[in-house]
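>>> using only what follows, build the 3D model:
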Amino acid sequence: MPSDPEQPLHARSLEALSWVGAERTKPDADPARGCLLLERGPELAAAAHAVDGLVAEPAYGGGVLVYRGEPGMGKTALLAEIGRNARDRCTVLTARGDETHTSVPFHVTRQLLRPALAALDGRGEETVHGLLPGQLDHVDDFDRVAPALGLAPPPPPPAAPADPQGVRGGLVRLLDGLAERLRDRPPVLLVDDAQWADAESLAWLDAYTRTRQDGGLPVLVVFAHRPLSPEPPEPGVPATLAALGDRAVLTLSLESLTPEATAVLARDALGRHADEPFCHELWTVTSGNPYETVELLAKAREGKVEPVAESAVLLRELGAGARGGGLVARLEALGAGPTRLAWAIAVLGTDSTPQLLGALTGMGRSEVAAHTDCLRRARIVTAASPKGVPTTATRTTPTPTTPTPAPPTPTSPLEFTHPLIATAVYVSVPAATRTALHGRAARALAEAGHGPAAASRHLLDVHPADDEDVVRRLRAAAVEHLAVGAPDAARRSLERALAEPPGPDTYATVLYELGCASLLTAPAATVRHLRSALDLPGLDDALRVDATYRLAQVLAHSNQLGEAARTVAAEAVRTPPGTGRRRLQAAHFMYEGFQAAEEDGPGRSRRLAELTADFTGADNAERALLAVRAFDAMLRGEPAAEVVRLCDSALVDGAPARGLAWTDTTWGFEIPALTGIAYAFADRPDRAEALFAEAVRAFEISGWSGAHLAFAHTLLGLAHRRRGDLPRAQHHLEEGLRRADRVGSGLPVHWDTACLLVDTLLARGRTAEARDVADRYAFGPPWPGAIVLPDGPSVLGRLLLAEGRREEAVHTLEAAAEALTVRGRHHGIWAPWPFDLARALAATDPDRAARIATEAHAHAERLGTPTVRGEALRCLALFATPAESRRLLTRAVAHLAASPSRYEESRARLDLAHATGSATTLAEATSLATTCGAVTARASTHPPE
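Numbering: from 1, shown residues only. Reported below is the predicted structural model:
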């Protein structure tokens, strides 16, 4: 593979493809390696080329390589050969998807990483600590990834569920650390049967390769799986495999063997005298499928079939036993004991240890061993090869010239020699027997100490039977799944628990738990389940409040703020006085205030002020409502001193109280966010910055690396913007967008961050870049149902003015004025429409512009922050006589010099320099603008005045 990390991905793919195409003209390097590797020279050459690139440039020479092929095409043998060829120069880590373990979270991840971690120093957990340095965002990575890797038990309740993206992020950093430790022998990850890999493991590998593809990968990841459907892939594993294939440097499809290769196999197995008609019939019967060819030749050899034309007719009869019903008949011919043992292996999958097989079948140790030997000699089962480390073993059946593998050790697990056999055997088990075996397997795993999560995959396949114990175990499994960051697995367990079903006393509680489990991955399902839970008896008062609060959160985050507000308001009426009711009241006022439009904004603000008038912050319920009140007062332009007092009362010693912190799930991150935002627009960005920096730290420690961490960076950008540190503001806002983009598109955090970034870029004089951001994130009408931070139409109007689109700007700013004035919201920094509208109208309608500026000044004086008073005076100066203008600008500079807003101060000083002609003032303005990261030449004219 090319080693140049700057080379575009498509160019690297084309180079690799053309190189492999040339290799197709070369013979296999070692055709005697094994029959299933005939005609696989190009595929091996592609892997060799990829390994060469990784070894040459361990830091970025890796990538993704994908092999696709129908069952029996020799994918496993190919990966084994790739591993053998690479192991002298690389660390080869292997894993295999298992049809019986697709619902087990991180099954493939554990196969890949645990042996490698243990091999470094013998104790996997110590190695994980060593590979995750104690930097800020790695502080608790071990606590996140260790349960997913099975190196530590999941934290017990009431620990909060692990954030899936945080777990993935920890695993990404762990693989980075492992690659760095193994630079002399860089990692090659081989994932076989990826179509049966668990979704969580594939999501990790997808995240790893996606986030590092631009700079190259320090590992080579090779996938082998069956062909994907030509239809658009379904969400989950098919979509992830499709994305990995799109990202791969090369994707190769394994083709059937040619008649010539089939003849080579026949003569190697049965003798060089095998004639052409016989060989051609062999190819016709098997369609060139390597597995079926090898299996049929083995049976022909056992039956002493002469490889001549007269015997060709026998091949079709023998071939029927190599697949489907023929495989089952072959198994049944071995007797009841081996058949029962094979059924148990089909149910247990990779958990098929002799001990568990004995528990499942009721056989003694010697009986299990005897039947195992019978199945092994029939080429139906073999000892499972160890995963995660280099191995020369292959899954496929032995070649006709290879001795039967040695019997397994007394403790080694068993597996079928090919997935085709595993599927055929599993399907052949009578339905009632299969269900009973799954039930027994769940009990056996629990008795062996494997825990509820390990047993839950079997409980999913047990018929519902009104068994409260099954419900209890499935609920316990869901708790474990959530604790390792696998909400989809928790959802499956709880859905199955509902089907049991639970008793009337617990049914609503299980619905509530299911709704909470679906919150991160299926908002619509969460709404449905929580509504159903609230409609049923069985939830106590505390659970009803929590279910309602979470339901409102999901509705709000789904852009249904009005419904969220109505939901909590209705439940608050039914809730007895106390903390629960106040929790619902806080949510009601918050979601009503978040709406972009409401019927009676001033009335809501009045009711909120009356409710909180006597609050002192005595408990968390009071503090939460005080935070909501502070935010509302800030938006309305109430005196900043009162806003700051309310914010102070919402905190304890300047920090969120215990239970109201950023990662607290009872009240949500919105409460401390409202406090910090109110501080920022009350000219206390220092306090806002302290809160927002703690948000970044808290989210990183807790692994909330998705939209939460994106929003925390956005808030930090806001704090720096208000202080006039424009480059740092831009950095955090761009980081917020980068992280938000990884989560999805059109999220609320996208609106807020894009709005702030547009405002920041305009302040820096980068109008074209601001327009690029606005276009990329569709910043503009139609506006979302929630308010934007700061006011979106005001910022859009400022952008249009900067672009010289005055009429459009006036229309946009007038719409902002109409929407905000009716709600009584007059904060001139949150929504600076009056200043920009006055400037836009100054030339065409000076009288109206002057009235707007005068009214804005009155609101600024009521608000009272030095920033807004200075900005209002700057605007008034536009409509004054020269002498009065100089006096107003002098006062504006004085106010802004006393404010934290260095950028606004630089603009006022530059305006004063132009009004007075003072070179000293101009130098001060220029120096200050440069310090802020603004373009000096445009400081006085942005937006155009």
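>>> how about the helices in the stretch 101-250 of the chain?
Ranges of helices within the stretch 101-250 of the chain are 107-121, 124-131, 141-149, 164-181, 199-211, 237-247, based on DSSP state H, counting those that start in this stretch.
>>> and S412, which of those is closest to it?
helix 107-121 (14.9 Å; Cβ to Cβ). (Glycine included, C-beta is placed from N, CA and C.)
>>> identify the residues contacting the closest residue to G703 other than its chain neighbours.
Distances taken as Cβ to Cβ, 6 or more residues apart in numbering place G166 nearest to G703, at 2.0 Å, with adjacent residues excluded. G166 makes contact with R144, G485, S702, G703, W704, S705, G706, according to Cβ atoms under 8 Å, 6 or more residues apart in numbering.
>>> name the member of these with the most neighbours.
G485 (30 neighbours; other Cβ atoms under 10 Å).
>>> so it versus P58, what's the distance?
Remark: distance between G485 and P58 (Cβ to Cβ, to the nearest Å) = 29 Å.
>>> ok, back up a step: nearest to A359 among the helices of the stretch 101-250 of the chain would be which one?
Per Cβ to Cβ, nearest to A359 of the helices of the stretch 101-250 of the chain: helix 107-121, 21.3 Å.
>>> what's the mean pLDDT across the helix or strand harbouring L530?
Here L530 sits within helix 523-535, counting by DSSP states H and E. For helix 523-535, mean pLDDT rounds to 95.
>>> so where do the strands sit in the protein?
Assigned by DSSP state E, the chain shows strands spanning 63-68, 91-96, 187-192, 220-225, 250-253, 381-383, 414-416.
>>> and the spatially closest residue to A522 that is not a sequence neighbour, what is it in contact with?
In this structure, A522 finds its nearest non-sequential neighbour in R491, 7.2 Å apart by Cβ to Cβ, 6+ apart. By Cβ under 8 Å, 6+ apart, the contact set of R491 is A478, L514, A517, S518, T521, A522, A525.
>>> for these, which single residue is the most surrounded?
A478 (30 neighbours).
>>> quick one: residues contacting that one.
S456, A489, A490, R491, S493, L494, A497, E513, A517.
>>> grab the nearest non-local neighbour of H720.
Once flanking residues are discounted, H720 sits nearest to A729: 3.8 Å by Cβ to Cβ, 6+ apart.
>>> V66 and G659: what is the separation?
Per Cβ to Cβ, V66 is found 48 Å from G659.
>>> so how far is stretch 700-714 off the chain centroid?
Put simply, stretch 700-714 sits 12 Å off its chain's centre (Cα atoms, centre = their mean, to the nearest Å).
>>> what does that stretch contact?
136-137, 139-141, 144, 160, 162-163, 165-167, 169-170, 485, 662-663, 669, 673, 692, 695-696, 698-699, 732-733, 735-740, 742-743, 747, 749, 752-753, 756, 789.
>>> please pick the buried ones from these.
By neighbour count, with 16 or more other Cβ atoms under 10 Å, these hold 137, 140-141, 144, 162-163, 165-167, 169-170, 485, 662-663, 669, 673, 692, 695-696, 698-699, 732-733, 735-737, 739-740, 742-743, 747, 749, 752-753, 756, 789 as buried.
>>> geometric centre of this protein: which residue is closest?
The structure's the chain has its C-alpha centroid closest to Q165; by Cα atoms, centre = their mean the separation is 4.1 Å.
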